[in-house]
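1. Predicted model, plus sequence, below.
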Amino acid sequence: MKKVFSRPRSLKSTPFHYCAGCGHSIIHRVICEVIDELGIRGITIGVPPAGCAVVAYNYFDVDMLEAPHGRGCAVATGIKRTLPDRVVFSYQGDGDLAAIGTAETFHAANRGENITVIFINNAVYGMTGGQMAPTTLLGQASTTSPPGRNAILDGHPIRMSEILSNLEGTAYIERVAVNSAQNILRAKKAVKKAFQCQIDGAGFNMIEVLSQCPTNWKMNAVDACRWVDEVMSKTFPIGVIKDTVKGRKDAD
Amino acid sequence: MSDKILIAGNWAIGEAAIRAGCRFYAGYPITPQNELTEYMAENMRRAQGGTFIQAESEIAAVNMVLGASSAGARAMTSSSSPGISLKQEGISALAADELPAVIVNMMRGGPGLGNILPSQGDYFQATRGGGHGDYRTLVLAPASVQELADLTMDAFDLADKYRNPVMILGDGMTGQMMEPVEFGKPRPRRYNEKYILKGAGDGKSKFVRALILDALRMEEHNWKLVRKYRVIEQNEVRFETYKTGNARLIIIAYGIAARIAKGAINRLRDSGMKVGLIRPITLWPFPAQIIRDTAERIDRFLVFEMSTGQMIDDVKLALEGRGHVSFYGRPGGVVPTPAELAKAIIQEYRRVLA
């Protein structure tokens, strides 16, 4: 019988610890499928963050170095500059990338470090139990913005992809989601393009993934997927935000 | 022909590091160590495969070093006191991950921003790990530009040997003063390939991490590190003794303070006072045994530091109640002259030995 679906080679057989309905496991799989398809498992080094994906090295079957909280882009810079012919990616959440690690992210992007950043935006601090993230939406309740995020007291949600796209060092930035089969396929295309971008030496590239967090959003998985479309993507619109890669036009 | 050259301390560290095979340097400007960052900017990119990055912060710099070290580069960062405080996150991570790196601290006056003058107020921070968690860094305390060069080369070997961060603890003066230096021959690097992350190839993937959620496994890792630290304590203690043979009072001082102490001792010896010096070269591991052994013959010690008194704690721990310990200190960036220190020593000498 013909095998039509199986676990990617780059994904370990360890069962995911993520909550039911969480986007992380989907994104892990998408990245691993891309690594397999590009044939780069043996030359890829990943940098997992502090946060829900802190034990990503239990799932990714590629070499990995865990970064201290927020420092993914600095750690990835050190690896990539030392081994320029390897494929280096960091995997970071919104608190990691857009709060404690803003400086590292911003300056790696500005230097045009030739790395790929997978930025998981779920609008909340997941692992620590649902605190307000830099990406938490206005009016969204969290354990540290109990009545809902208030612009005057708590500031506004940060659109890192748009901010970084203004830096000359960035080559390709796209925002995707993993809340439907269609969006997952688009996300995979974007992730693949990002890795290819790095292989071609184009410079800093980042894929922001809107990722559902049913546990901390206090929704069931179906409602969480719907919320990404109906609410979250209004603040964080899906699509290509910057693309300087010539001759590699995105399908969308 | 000797290749002795006149060179400032901060440059000597940079040159020694490059000669020792350092191929990754990330730093952030801070006085009084900017000459080192500038030297690396000028020379690192000329070295085969050398990388220099002016980082956006001390935190970024040390985390770049973390990445470079895991990828197999001999890596270094440098700063001065306030910047070293920022680097502690990364130093703790390096120790936890068992990755080699060299960190240079050219100490200045503190706490807080303090000033930019030579000081020794970071002894506690350096010798107790400095960051969070149960760990140690090897700490080397050079007292001359020649020693800065020699210890820089040794620091890379020690970092590799024990897969642990090594700190060079100098001060604003050792970094800026110029002295003749002859660079030693670097030893070939001995570092097992199996610790380097370079992509799994066709084989099994590896990971390096500091997060260990299970208490028993975390404890096991803690004890494993401690066993390594015990070996370091047995093998790597370094110190110098100076005119201790017939001494009745022993000065204990490190780094630039020990240079000042030697000047003071020479004056006092000329006027017949029997004073000697023990100079710790490794601050961790601390040369406790030589101090204990010396206390069998001599029971008067004077600790001199350019701080309010930090190493004196280690001296007292070494002595375990033996002998009498007094202290003379000038914190805040004040550098006493040998004559000033000699006066303080005379007072103590007369008080207890007259």
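-> Cool, got the structure.
2. For chain B, give me its nearest residue in the stretch 51-200 of chain A.
-> In the stretch 51-200 of chain A, no residue comes nearer to chain B than A:Gly78, which is 2.6 Å away by Cβ to the nearest Cβ. Every C-beta, even on glycine, is put in place using the N, C-alpha and C of the backbone.
3. Would you confirm that that residue belongs to a strand?
-> No - note on A:Gly78: no strand contains this position according to DSSP: H, G, I helix; E, B strand; the rest coil, which reports helix.
4. quick one: secondary structure of the closest residue to it other than its chain neighbours?
-> The shortest distance from A:Gly78 to any residue that is not its chain neighbour, by Cβ to Cβ, 6 or more residues apart in numbering or on different chains, is 2.6 Å, and that residue is B:Gly67. Following three-state DSSP, the label given to B:Gly67 is helix.
5. Output the below-cut-off pLDDT ranges for the chain.
-> Defaulting to chain A. In the predicted model of chain A, residues A:246-252 satisfy pLDDT under 70.
6. Please refer instead to chain B.
-> Across chain B, the stretches falling below the confidence threshold (pLDDT under 70) are B:1-2, B:354.
7. can you list the domain ranges for it.
-> Chain B breaks down into these structural domains: B:5-235, B:241-353 (assignment by automatic domain parsing).
8. Return the most buried member of these.
-> Among the domains of chain B, the stretch with the highest mean neighbour count (mean count of other Cβ atoms under 10 Å in any protein chain shown) is domain B:5-235, at a mean of 21.
9. chain center to that one: distance?
-> The chain centroid and the centroid of domain B:5-235 are separated by 10 Å, computed with Cα atoms, centre = their mean, to the nearest Å.
10. same question, stretch B:268-276
-> Relative to where its chain is centred, stretch B:268-276 has its mean C-alpha point 30 Å off (Cα atoms, centre = their mean).
11. ditto for stretch B:305-313
-> Taking Cα atoms, centre = their mean, one finds stretch B:305-313 lying 15 Å from the centre of the chain it belongs to.
12. Over to stretch B:324-335?
-> Centre to centre, stretch against its chain (Cα atoms, centre = their mean), the figure for stretch B:324-335 is 19 Å.
13. Can you give me the first-to-last residue distance of that stretch?
-> Distance between the boundary residues of stretch B:324-335 (Cα to Cα, to the nearest Å) amounts to 25 Å.
14. Tell me which residues are up against that stretch.
-> The set of residues external to stretch B:324-335 that reach it, using Cβ atoms under 8 Å, 6 or more residues apart in numbering or on different chains, is B:108-109, B:114-119, B:121, B:172-173, B:256, B:260, B:299-309, B:312, B:315-316, B:319, B:336, B:341, B:344-345, B:348, B:352.
15. follow-up on the earlier one: so what's the residue of the stretch 51-200 of chain A closest to chain B up against?
-> Taking Cβ under 8 Å, 6+ apart, we find A:Gly78 in contact with B:24, B:26, B:63-71, B:73, B:75.
16. burial count for A:Lys218?
-> Taking other Cβ atoms under 10 Å in any protein chain shown as the criterion, the count of residues near A:Lys218 is 11.
17. same thing with the one 5 residues further on?
-> Burial of A:Asp223, expressed as a neighbour count using other Cβ under 10 Å, amounts to 14.
18. what's the next secondary structure element after the strand or helix carrying it?
-> A:Asp223 belongs to helix A:221-227 when assigned by DSSP states H and E. Tracing the chain C-terminally past helix A:221-227 and defining elements by DSSP H and E, one meets helix A:233-235 next.
19. Report the distance from stretch A:229-248 to the chain centre.
-> Between the mean C-alpha point of stretch A:229-248 and the mean C-alpha point of its chain there is a distance of 13 Å (Cα atoms, centre = their mean).
20. about what we covered before: among the contacts of stretch B:324-335, which ones are in helices?
-> Those of those mapping onto helices are B:172-173, B:256, B:260, B:312, B:315-316, B:319, B:341, B:344-345, B:348, B:352, per DSSP state H.
21. which one among those gets closest to B:Val237?
-> Compare each of the ones in helices among the contacts of stretch B:324-335 with B:Val237 using Cβ to Cβ and the shortest gap goes to B:Val315, at 14.4 Å.
22. where does the closest one sit relative to B:Pro280, distance-wise?
-> Here the distance between B:Val315 and B:Pro280 works out to 9 Å (Cβ to Cβ, to the nearest Å).
23. what sits in contact with each of those two?
-> Common neighbours of B:Val315 and B:Pro280 are listed as B:Ile252 (criterion: Cβ under 8 Å, 6+ apart).
24. check contacts around the residue nearest to A:Gly78.
-> A:47, A:65, A:67, A:74-80, A:82.
25. Now do the helices in the stretch 101-250 of chain A.
-> Taking DSSP state H, counting those that start in this stretch, the helices of the stretch 101-250 of chain A run over residues A:102-111, A:151-154, A:160-165, A:181-199, A:214-217, A:221-227, A:233-235.
26. Please, where are all the strands along the stretch 51-200 of chain A?
-> Secondary structure of the stretch 51-200 of chain A, counting by DSSP state E, counting those that start in this stretch: strands at A:63-65, A:87-93, A:116-121, A:170-177.
27. what are the pairing partners of the first one, and which direction each?
-> Put plainly, it is strand A:63-65. Applying DSSP bridges, strand A:63-65 is found paired with strand A:44-47 (parallel), strand B:207-208 (parallel).
28. where does that strand sit relative to the chain's centre, distance-wise?
-> 17 Å.
29. Which residues does it contact?
-> Taking Cβ under 8 Å, 6+ apart as the criterion, the residues outside strand A:63-65 that touch it are A:44-48, A:56-57, A:75, A:79, B:66-67, B:70, B:97, B:197-200, B:205-209.
30. Apply 7 Å and report the result again.
-> The list of residues contacting strand A:63-65 from outside it, by Cβ atoms under 7 Å, 6 or more residues apart in numbering or on different chains, reads A:45-48, A:56-57, A:75, A:79, B:67, B:70, B:197, B:199-200, B:205-208.
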